Structure formats: structure tokens, C-alpha cells
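**Student:** Take a look and give me a structure for this.
(2 chains)
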Amino acid sequence: MRPIEVVTQLLELAAALAAAPLFLGWINQCRAWLQNRSAPSIWLPYRGIAKLFHKDAVIAVRASALFRLAPYIVFGAMVLAAGIIPSMGTRLPFTRIADAIALVGLLATARVFMSLAAMDVGTAFGTLGARREMMVGFLAEPALLMIIFVASLISATTALPAITEHLATQTLGLYPSLAFTAVAFTMVLLAENARIPIDNPATHLELTMIHEALLLEYSARHLALMEWAAALKLFNYACIGFALFIPWGVSTGQEAPLALLASIPVLAAKLIVAGGALALIETVSAKLRVFRAPEFLATAFLFAVLGLLVHLLLGA
Amino acid sequence: MREWRTRTVSPAEWRGAARDLAESGARLAALWASGGERGMPTVHAAFFTGTGALLLSLPLEDPATPYPGLEELFPCAARMQRAAADLSGVRASDPDTRPWLRHNAWPAAYRPLLDPPLPAAADPPGIEAYEFVRVEGEGVHEIPVGPVHAGIIEPGHFRFSVVGEKVLRLEERLGYVHKGIERRFTELPILEAHRLAARVSGDSAVAFAWAYCQALENLTDVAPPARAAWLRALCLELERVANHLGDLGALGNDAGFAFGLAQFSRLKEWLLRACAEALGERYLMNAIVPGGVRLDLTNAGAQRLHACVTSIAGEVARLRVVYDEHAGVRDRFTGAGTVTPRLAARLGLTGLAGRASGQAFDLRVDWPCAPYTELPVTKIGSRAGDVAARVAVRFDELAESARLIERIIAGIPSGSRLEAVGLPPPGSLGMGAIEGWRGPVLVALEAGPAGTIRRCHPHDPSWQNWPVLEHAIIDNIVPDFPLINKSFNLSYSGHDL
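**Tutor:** You can find the predicted model right below:
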């Protein structure tokens, strides 16, 4: 393990923790602009999290230890996930123990604990949200795995940094298979991060909620961790997308710290563009009926399979 | 002036008279009880009979014996009868005798509208054991929602019985914002209580204030000057436009289309500012007074309003295209919360929601008061009965109201705008009925001695429409409820009183 690898790893974790709420703030700003509203401060998510950390937690009388532990587990899982996604450099010590399939498992673990915690208190909304969350999850995970398999087949490895390195370093070529999977990935990203058209992060209508319903009983530091974890999840997903589909600008190989430094503005530029695109998608679509979510995710899966077939049949 | 026909019946004739009305297609406008003479309560029922109105009164000889209930003939009477039982101690013979507005806030034997005030209780009332109807079966469970919600909205409790996401039954529980408005009316001078009427349900301030003033003018035989009547209509149509703008935005937002909310909120704010500049108030809470109107429209104000309403109508037409052509929004609106014309007729669905379900009834057209007698209104309607139909009716009514506002501004007569109103004779009963944006708003006003109010019953069309919402949601999925609910947008405050 070389020092530069340790530095890369730490830098990535720090960047994810620090920039995730900023990314969310940026998306919210873009959304506001696109809807002709004056935008909230880009720092608003930080203020929200800081405010929650200063409050006293209120916990339901019937809550078990699971309810209290879940925010830490979910937050931990998201930090760990941030550690194995090559957002700036591909030489990451963590990735020797976890490949892309483990990453999907990590995200699933967080989901399971969140849903269990929501059902733990026994309110109708928690259970309702958990049920919907699991429905979205069990449809989104196969699609995500299929997306990763396409990239794995191209680069003959399931380690995410190796995939990125392979895609970033070869001569620029067109991959129709990756075009299909990129569409599929965008759909999975929207569904997994409780965005429109599957869920509405801004809603106050408890009967329509998915992600928010899981958090209704949380307060103070627990809620702060959950919200921070949600921001991290979105950030992680964006970085998975960059790693698979626009890997250029990431520092690879044994290069000097200079390449690592250069990758910071590249990541920032990608996030700015991705945030704007996400806000645009959310502004022009309405929320789907809950029972359309399976169709939406089945379409995502279909696109991923198409990508796979294109790769196998055309070799591209 | 419009004439209310009145008829006093005995308990034996009561149901027969109601049956005749039901068979002739009349609509129950309101049902309430008043103190009557010698302390014996009287039950009143007001009906709209196509092109007129009838007030049926039933003096009770023995309040302990239930009077014949009307639920079978007019299903919407059930809750009104339960409320009358809570407030005036008169019980109907219908099977559902659960309290409706009481919520354990006063003893069951106490009649808030008839008995002297109780001393303030030391302890808060205990939680009421209210029996919801249970649905049994494999996999059926209940979702209780409210009265405290995740957003800042009025309180109401909704008990869903569901299988998975599908709703088998919804039961509403209202009355959480019962404020004792009817009791408060009796403590106010009859010439000033229009201000309370305007605050019964804030979104229908003009409609309630006008209905109250109409009832008072009916009692004192005063006709407001023509200019006042036209100004009242201007206020009423502005209120309709403002509410429709707000609802159309909120409906888009509930479908996850926040763009709609942003645009319609902007237009509504325009209108409110134009109202403030032209008429002195954003929401026209104090515009209408007995005998006329308090405000006046200057030339500059008229131009300001005209310009604003014209540009709003233009923008709304463009936004309508966006709503109509957006696949996601259309998918959410179409087929959600359908109330067939047949069901709507059976349940007495009224007002805007009724017109979206084939119930073509509009007081401005069918039984117009001044100035609508000289100001023809095109009746809007649809037979589809789903959320999309209620959205379409709102769009159409908005355009129609914009046209009316332009006509009013162009044709408003000059002259005085206030007529002196004297004190009404004690014991007389006056009625006012105005087509508010939600539907017909009714005020029944009974004068007491020396300028006091003996009884005032303000009636919001939400009483008729809340029970229909329970039917509209059946077989829809749980997450569509907020959208369906919003498409009706019923009043809590106007209902709970």
C-alpha cells in the first residue's frame, strides 16, 4: 500500500462526506430555477443537518435497539460504499476487499435496516413505507446488477476501480452496450434515491411517501444521520454512474499527486452537470402511480439486458 | 328578489314531504335545528328544487322522541342530523346515532345552542371511543391518518381499510376544528355578524358574507343598489378565480409536478396583489356588508383588475395545454377517484365536484339573484367524474369567471353602493344562498329581539361532498388519496363550525 493510495482513499471519503449535502443543495437549486422559483441557499442541507444534531431525540416508547442503531448502520454502509467507488482515483486500498457486487449488497443492507427500523415502531406509515421501499428495492437491485455485469464483461472484472481504469485508459471508442446501460442506470438512480417519478422528496403527503415515510418517526441526530446518508447515497450513485459511463479524468495507475489534484475539478464539473440533468428530469416529469413503479424498473432492467445482449452479440 | 317557499309540517308529514321532494329531483341544501318558541326545537331542511327553493320546518312537540330521519332519501342528511343532535339535542330515527361534532368536548345531554353556557371544565375532555366500521377479511388492515398530518393542513381523521395498496373502505371523522361559530353568532349584533360569516371558511369569505347579507336583506326587505350587487359579483368571481388558481397548482403538485404549483402560485399572487390595489384587500374578507358593499371600484382599479385578469386568463390557457399534454400528469388525473353521475345524483354531490359528475346545478344559472339575472353565466360541466374532470371544470370555470369579471368591469352601473338596513322583526327567518367557488353556500338567519341573532346557521357545501369522497376513493390505491382529496378540496372549518 503506497502513501498515495492511502491519501486517495482518505480524500475520496472526505470529499463524499463533505460534498454530498452540497450536491443535494445544488440539485434543489436547479429544480427551483427550472420551476421559476427563487432558489434556497445551496448550503441549506448543511444547515438542516447541523440543526438536527443540536436537537434532543424523541424516540417512540416501543422502539427497540434496532430503531436506534439503524441510522448508524445505514450511515456507516453509505460511508463504506463511498470508500469503494472510484470517484477521484482508482487505486483504493478498500477495493481489494469489496467489488461491485459487494457494493450492491452494501446498499441492500442499508435498505433492509432502514425498512426494519421503520417497521420496528409499528406505525402504519412506517410499515407502508417499508413495504413500498422493499418493492422498489427488489426490482431495482437486479437491474443494477445487470448494469454492472455489462461493464464487467467489457473489462473482464467485477472490481469497480478496475472497470473504471479499463474504460478510462483505452482509446476512445463507442460502446452501444454502455449507452443502453446508461439509460437503465439513470432510471435505477431515480428509483433508488426516492426521486421523481418514483417518489417525491419534497412531499408532505404521508400517504404517498416512500423514503420519507421510513423516516417519519426519526428526530434529531438519528434523522440527521439518515438525511446525510440519503445525500451520500445520491452522491454515491452519481459517482457509480461516472465510474461506469464517464470515467475520464479519474487519476489512474501510479501517477503523481498531480493527477489526483486534477481529478477534483473534474469530479466537481461532472457533479454540476449531473445535478442539473437530474433536476431537469425531475421538473419535466410527474410522479408515477405507485403501481407503475414496477413497469418503470422493469424497463430499466430491460435496457440493461439489451446492453448485455448488444455486448454479447455485437461485441461492442 | 328570489322567494323562498316555506312549509311547516308535522312529524307524520315530514318524511312524506321529503319523499315528494326527492322524487321531483330536489337537492337537500341544508338541515339544522333551531331553538324555536317555548324552548321546543324546530328542525329545518332547505331544498333547491331546480328553479326555486323550499324551506321545510318541523316543530317538535317532544324532543325526546326521535323525528323521522331523511338519510334514506337524502344520504347527505345523515351527518347533518348527527350534528343537530350534538348541538341542539334533537335526534333522528336513523340508525347512525354516533356523535359527529361533539368529540367528548361537552356532556352528551348538554345542548350547546340551546342551554346556558357551562362553566369551563377543569380537565381536558377524555378521548372519545368512536366506533369506526370494521372491515374483516384475509389481509385487510387499517391505516389511520390524521388529524395531525405531516404537512400544515387542516385536521381531519381518515380511516382506511386496505388490502395491500387498494382501498376497500374509507371512513372520515371530522369535527376537530369545531369552534362554536353558531353559538358565537347568537352573541353578536345582527347588523355586524356578517364579519363572522366571512370568516366561517376563509376560502369562501365572499360567498358566506354575501349569503349572510342576503339573508338579512331578505328579513328586512332591503334590496342592495345595483352597483353594490355588481361589485358583490365581482368579488365572488375574483374569489372563485383565486381558489381555482390555487387548486390547479396544488393538484399539479400532488401529482408530483411542482412546475404547476410554481406557475399557478405566481398567477394567484398576481391576482391577490391586483385585488389589494384595486379593492383594498388581498382576500375580500370585509368587502360585503348588509345593504351593499364597503369598497368601491375606481377607474384605475378597474383597469388594473381588468389587465390582471386578462393576462391571467391567457396564461392559464397556456398552462392548460401543459397539463393536458403532459403524459405523466394525465395518467395521474384520468380515472382517479371517479364518481359516476348516477352515484353523484344518489348521494347529492353538489357544487363544482357535482358539475364534474353530471350534476348540472349552478345557483347563478338555475336560481339567479341580482346581478346574475342580467349577467348570463355559462354552466360548466362534465360527466366523467374523475380527477381530470374536476380539473377540467376548474379550468373552464376559471375562463368563464375571467369573462364575467371583464363583463362586470365593462358594464357596472354607477350609483350608490350602500342602502340603509334597519332591524328585522324578531322571530323572522331569512335565507341567503350564493354559489361560492365550492358550491352553494347557504345562511339561515333567525332574528332575535332588539337587533340580536336568535339563530344563524351557515352551511358549506362540504357537508354534502365529504361523504361522497368516501365513495370516490373505493378501489383506488392509497397513494392516490391526497390527489383525489385535493380535487374535491373540501372545507374543514366550514363544516366543523
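
**Student:** who are the neighbours in contact with the residue of the stretch 101-250 of chain A found nearest chain B?
**Tutor:** Using CB to the nearest CB, the single residue of the stretch 101-250 of chain A nearest to chain B is A:H204, 3.0 Å away. Every residue, glycine included, has its C-beta placed from N, CA and C. Residues counted as contacts of A:H204 (CB atoms under 8 Å, 6 or more residues apart in numbering or on different chains) are B:149-152.

**Student:** I'd like those laid out as TSV, including neighbour count and pLDDT.
**Tutor:** Shown next, in TSV, are these (neighbours: other CB atoms under 10 Å in any protein chain shown; pLDDT from 0 to 100):
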residue	neighbour count	pLDDT
B:H149	18	85
B:A150	17	79
B:G151	9	79
B:I152	6	82
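
**Student:** check these against chain A, which are close?
**Tutor:** B:149-152 (CB under 8 Å from any CB of the partner chain).

**Student:** Columns secondary structure on top of these, output as CSV?
**Tutor:** Compiled in CSV, those are given as follows (DSSP: H, G, I helix; E, B strand; the rest coil):
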residue, secondary structure
B:H149, coil
B:A150, coil
B:G151, coil
B:I152, coil
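
**Student:** Out of those residues, which is nearest to A:Q170?
**Tutor:** Minimum distance to A:Q170 across the ones next to chain A among the contacts of A:H204 is 50.3 Å, recorded for B:A150 (CB to CB).

**Student:** So that closest one versus A:R2, what's the distance?
**Tutor:** Distance, B:A150 to A:R2, by CB to CB, to the nearest Å: 51 Å.

**Student:** Helix, strand or coil: sort out B:V133 for me.
**Tutor:** coil.

**Student:** Neighbours of it, how many?
**Tutor:** Neighbours of B:V133 under the rule other CB atoms under 10 Å in any protein chain shown: 9.

**Student:** okay, which residue is most central for chain A?
**Tutor:** A:Y237 (2.8 Å; CA atoms, centre = their mean).

**Student:** is any part of stretch B:265-275 close to chain A?
**Tutor:** Yes. Counting by CB under 8 Å from any CB, chain A is contacted by stretch B:265-275 at B:R266.

**Student:** In that stretch, which residues are buried?
**Tutor:** B:265, B:267-268, B:270-272, B:274-275 (16 or more other CB atoms under 10 Å in any protein chain shown).

**Student:** got a list of contacts for that stretch?
**Tutor:** Looking at what lies outside stretch B:265-275 - CB under 8 Å, 6+ apart - the contacts are A:36, B:238, B:241-242, B:245-246, B:249, B:281-284, B:304-305, B:307-309, B:311-312, B:315-316.

**Student:** avg pLDDT for stretch A:133-149?
**Tutor:** Model confidence over stretch A:133-149 averages 91 on the pLDDT scale.

**Student:** should've said stretch A:3-12
**Tutor:** Here the average pLDDT along stretch A:3-12 is 84.

**Student:** which SS class is B:E172?
**Tutor:** B:E172 - assigned by three-state DSSP - is strand.

**Student:** which among the contacts of stretch B:265-275 end up buried?
**Tutor:** Applying 16+ other CB under 10 Å to these flags B:238, B:241-242, B:245-246, B:249, B:281, B:283-284, B:304-305, B:308-309, B:312, B:315-316 as buried.

**Student:** tell me the contacts of the closest residue to chain A within the stretch 101-250 of chain B?
**Tutor:** Nearest residue of the stretch 101-250 of chain B to chain A (CB to the nearest CB) works out as B:G151 at 3.0 Å. Residues near B:G151 by CB under 8 Å, 6+ apart: A:204-205.

**Student:** now the strands for the stretch 1-150 of chain A?
**Tutor:** Here the stretch 1-150 of chain A has no strands by DSSP state E, counting those that start in this stretch.

**Student:** low-scoring stretches of it, by residue?
**Tutor:** For the stretch 1-150 of chain A, applying pLDDT under 70 flags the ranges A:1.

**Student:** do the stretch 1-150 of chain B as well
**Tutor:** In the stretch 1-150 of chain B, residues with pLDDT under 70: B:1, B:36-39.
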